[in-house]
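In: This is the structure alone, sequence omitted:
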Ligand code: IPE
Ligand code: IPE
Ligand code: MG
């Protein structure tokens, strides 16, 4: 492993794409790809925990995915209920969380999800967040509505609204911004995921379909991340001088 263990991204967000194409390439139904994709999720959660990642945020089902054929949506909902087990989180001391428009989810999914969140709420090593029925524009629109309401009720003045205020009202308010955003499956887009939060994230795209994504692929993504200089608008010299000063 060529990874610098001192520079593991604190927060990795993943767009887990390519399940359907993985299955179709094998002459299988798309749902078989989702079943296989769940195995990858379990594997990547454990590997991330061992690497020392603190937050893993997985794009699991988007608001737009509600528009897929009913059978596919139903198969996915069934998978969430059947495969969301406490064990992997309890054994690895990890928390399970959900972001998204969860009101739209079937009762059975909500129940399973709430049980798993309750059971794992005091775990410490890694926070695994599933974005379920999530889209970033939906999330930001909800914040805008909330702020407008607070303003009407005089709970907030326009001059008090700043970036930190907006971040603290997003569903992700318990998470730092992602350091690294990975998308599998070959598409070069972010499909309405964490638009605000990824303002300064490093992006990594790979062709591997999600069911085939393994430890080596994750290491490659992190290696690529570690080769980059995050400048946040500053110059190369400024960043290097800052790093030298921090090392002293
Ligand atoms: C990602 O895989 C999983 C979900 C969106 C639920 P896809 O189902 O989008 O797979 P492709 O992109 O069609 O191959
Ligand atoms: C994004 O994948 C959503 C998830 C991975 C859950 P999609 O397959 O839905 O994205 P598009 O439609 O290709 O942009
Ligand atoms: Mg897709």
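Out: Yes, it's here. Since the structure is predicted, the reported quantities are computational estimates derived from the model, not experimental observations. Ligands and ions are numbered 1, 2, ... in the order given.
In: For the chain, what lies in contact range of ligand 2?
Out: With the criterion set to C-beta under 6 Å from any ligand atom, the chain comes near ligand 2 through 15-17, 59-62, 64-65, 187, 189, 191. No exception for glycine: its C-beta is placed from N, CA and C like everyone else's.
In: What is the neighbour count of residue 206?
Out: Using other C-beta atoms under 10 Å, residue 206 has 17 neighbouring residues.
In: show me what contacts residue 187?
Out: 17, 205 (C-beta atoms under 8 Å, 6 or more residues apart in numbering).
In: my bad, should have said residue 73
Out: Residue 73 makes contact with 65-66, according to C-beta under 8 Å, 6+ apart.
In: swap in the one 4 residues further on?
Out: Taking C-beta under 8 Å, 6+ apart, we find residue 77 in contact with 105-106, 108-109.
In: Farthest-apart pair in these, please.
Out: 105 and 108 (8.6 Å; C-beta to C-beta).
In: Bridged to residue 129, which residues?
Out: Beta bridges link residue 129 to residue 57, residue 97, judged by DSSP bridges.
In: Show the pLDDT at it.
Out: In this prediction, residue 129 carries a pLDDT score of 98.
In: For stretch 129-140, measure first residue to last.
Out: Start-to-end span of stretch 129-140 (C-alpha to C-alpha, to the nearest Å) is 18 Å.
In: With stretch 127-140 instead?
Out: Start and end residues of stretch 127-140 are separated by 22 Å (C-alpha to C-alpha).
In: Show me which residues of that stretch are buried.
Out: With burial defined by 16 or more other C-beta atoms under 10 Å, the residues of stretch 127-140 counted as buried are 127-136, 138-140.
In: Most widely separated two among those residues?
Out: Checking the buried residues of stretch 127-140 with C-beta to C-beta, the most distant pair is 128 and 140, at 23.1 Å.
In: Where does this protein get nearest to ligand 2, residue-wise?
Out: residue 191 (3.6 Å; C-beta to the nearest ligand atom).
In: Quick check: residue 31 touching residue 78?
Out: No. Between residue 31 and residue 78 there is no contact under C-beta atoms under 8 Å: 9.0 Å.
In: who has more neighbours, those two?
Out: Shown here are residue 31 and residue 78; by other C-beta under 10 Å, residue 31 has more neighbours (18 against 15).
In: Can you give me the distance of the residue nearest the centre of the chain to residue 22?
Out: When C-alpha atoms, centre = their mean is applied to the chain, the residue found nearest the centroid is residue 57 (2.2 Å). Noted for residue 57: a distance of 22 Å to residue 22, by C-beta to C-beta, to the nearest Å.
In: which bits of this structure sit near ligand 1?
Out: Residues of the chain lying near ligand 1 (C-beta under 6 Å from any ligand atom): 16-21, 61, 65, 76, 185.
In: Is the closest residue to residue 157 other than its chain neighbours part of a helix or strand, or is it coil?
Out: In space, and not counting its chain neighbours, residue 157 is closest to residue 151: 7.6 Å by C-beta to C-beta, 6 or more residues apart in numbering. Three-state call for residue 151 (DSSP: H, G, I helix; E, B strand; the rest coil): helix.
In: Compute the number of surrounding residues for residue 151.
Out: Neighbours of residue 151 (other C-beta under 10 Å): 14.
In: and the helix or strand where residue 43 lies, what does it pack onto?
Out: Using DSSP states H and E, residue 43 falls within helix 30-51. Applying 3 or more C-beta pairs under 8 Å, 6 or more residues apart in numbering; DSSP states H and E, one finds that helix 30-51 contacts helix 19-24, strand 55-62, helix 70-83, helix 87-91, strand 126-134, helix 215-226.
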